Every structure is written in structure tokens, then in C-alpha cells.
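Novice: Sequence and computational prediction follow.
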Amino acid sequence: MAAVCVDDQYFDVGDDGRLTLIPGQQGLRNVLYFKTPGADTFKKADYPWLARVFVMVQAGGGGAAGARANANQLVAQPGGSGGGYAERLIAASALGATEAIVVGDAGIAGTPTVDGGPGGNSSFGGLCTALGGNPGQAVMPSGATPMCLSGTSGPLAGVGDMAQGGGPGGGALRISGGEGQSGEGGESRLGHGGWQRSSSGGGGAGRGYGGGAAGALARDGDSVNGTPGGAGIVIVYLYG
């Protein structure tokens, strides 16, 4: 009769002679990407071989305000901050039968005289949470004299083995009624903030996931809307 050698680090031979995989020894087996803002569900029973998960949670970035300037004047607004990020390694035994997944939405764009909206929080159950970015505000009045405004603070750290807040939105500067610069959008762990403006228009949008929007700039009677931030994402690595 032929003999077969079995690596007992990965396989087990039962008393009945059946060859089975040892749970937790197979490494990475699948990766799930949740990109659509809103709620979803992770079901442990869908993965009977599951030993642990590693989750990466990126919140949405803050939106930026618009701008409205009178004739021969200028308005520049600060940028929205980037969304926070968190990650955690979780044993399958610590998971519930289902875990709610929330993907934070992008902070909305403000109208010419209205603040942008905050980015939405992202989470994997109550085990890992990242906080959404703060919005850029409509704080600069129309004028022609020099003015500088502080940037937008980033959110605090959420919950996870490693958690951090998002990057701050940049401050705005007016040199005269015809020259100035809006604030850039804040950075996130999985994305970049939008670029700032020195000409009339909405600020740049974030790239990737969770970046903050840059502030708008308007001059000489222009009226422009702001820019939305970047939406978040939740990534789940499944280990067998």
C-alpha cells in the first residue's frame, strides 16, 4: 500500500482516516471591499473556515463651502479635513453572527454662502470605527483688504488597534480684491485632499477615499458652489 506524508502544520488526519485542514493555518483566503456609502452586513456563516479578519476602515472626507464676492472683491474659503482611519485584527470567535458595516458618505458641497457638510463615519460593527472629516466653512467675507484664515481641524481618532484622525484642511488667504488662494483639502490614510484655487471656482475634489475637498474662491462678482469630499471605504481581509 502506498504511503502519504502529511504536513501536520496545515493538515490533520482524524481517527477515521479523514484528512482535514487545520483552522487558522491557511493564511489569506479572500478580501472584501465595501465601497458604496451606507449600511451593509458581514455574515460569519458565509465563511465556515474563517479564523480571523483584518479590517481597514476609512471615513468620508469633509466637503467645502462655496464663495460669493462683490464687484472688485475676493472671497477664498478653507478646505475640508480628511476622514479618519482605523484598523483592527479580530479573531473569528470575537465576531457576532453578523456585524454591521457602515461606509461613510462624502461631506456635501456647500452653496456660495453655506458651509460644506461633514464626512460620514465608517465602521465594522462596534469593533473598529473611523470618524468623518470636518467641513470647510464659509468664513471669509467679501472684501479687498488682506485677510488670512485658519484651516479646518481634522477629526479625532476612532476605535481600533491603530486609529488616527484625518488631515486638516488648509487655511485661506486674501492678498487684495484680485489675488488670493483657497485652502487645500485634508489628506486621509487612503486618499488625498483636493487642490486649492487662486482663480474663481470650486476647489479640487479629493482622490482615493476619504480626502477632504478644497475651498472655493470667487472674485469680482462671481458666485460659486463648493466641492464634496471623498467617500469612505471598508476593506475586510479574511484569513482561514
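Specialist: Okay, I see it.

Novice: list the contacts for residue 101?
Specialist: By C-beta atoms under 8 Å, 6 or more residues apart in numbering, residue 101 lies in contact with 34, 39, 40, 41, 42, 123, 124, 125, 234, 236. Just so you know, the C-beta spots here come from the backbone N, C-alpha and C atoms, and that holds for glycine as well.

Novice: and with 7 Å instead?
Specialist: By C-beta atoms under 7 Å, 6 or more residues apart in numbering, the contact set of residue 101 is 34, 39, 40, 41, 42, 124, 234.

Novice: just residue 193 next, same as before
Specialist: Shown in contact with residue 193 (C-beta under 7 Å, 6+ apart): 79, 82, 167, 184, 185, 186, 187, 206, 211, 212, 214.

Novice: And residue 65, its phi and psi?
Specialist: Recorded main-chain torsions at residue 65 are phi -70, psi 160, according to degrees, to the nearest 10.

Novice: Distance of it relative to residue 232?
Specialist: Taking C-beta to C-beta, to the nearest Å as the measure, residue 65 falls 21 Å from residue 232.

Novice: swap in residue 50?
Specialist: When C-beta to C-beta is the yardstick, residue 50 and residue 232 sit 24 Å from each other.

Novice: and if you look at residue 25?
Specialist: Distance of residue 25 to residue 232, given as C-beta to C-beta: 33 Å.

Novice: which of these two has more neighbours?
Specialist: For residue 25 versus residue 232, neighbours defined as other C-beta atoms under 10 Å are more numerous around residue 232 (34 against 15).

Novice: Which pLDDT does the model give the more buried one?
Specialist: The per-residue pLDDT reported for residue 232 equals 98.

Novice: which residues sit in contact with the residue lying closest to it once chain neighbours are set aside?
Specialist: Spatial nearest neighbour of residue 232, excluding adjacent residues (C-beta to C-beta, 6 or more residues apart in numbering): residue 104 at 3.7 Å. Residue 104 makes contacts with 37, 59, 60, 83, 119, 120, 121, 122, 132, 231, 232, as judged by C-beta under 7 Å, 6+ apart.

Novice: Lowest-scoring secondary structure element of this structure by mean pLDDT?
Specialist: Scoring the helices and strands of the chain by mean pLDDT, DSSP states H and E places strand 19-21 at the bottom, with a mean of 58.

Novice: Show me what the helix or strand following that one packs onto, helices and strands only.
Specialist: Beyond strand 19-21 on the C-terminal side, the first helix or strand identified by DSSP states H and E is strand 28-34. Strand 28-34 makes packing contacts with strand 233-239 when contacts are defined by 3 or more C-beta pairs under 7 Å, 6 or more residues apart in numbering; DSSP states H and E.

Novice: how many degrees apart are the strand it packs on and strand 28-34 in direction?
Specialist: Following axes from the mean of the first three to the mean of the last three C-alpha atoms, to 10 degrees, one obtains 160 degrees for the angle between strand 233-239 and strand 28-34.

Novice: Mind pulling the model confidence for the closest residue to residue 27 other than its chain neighbours?
Specialist: When the adjacent residues along the chain are set aside, residue 27 lies closest to residue 239, with 6.3 Å between them (C-beta to C-beta, 6+ apart). The score at residue 239 is 98. That number is its pLDDT.
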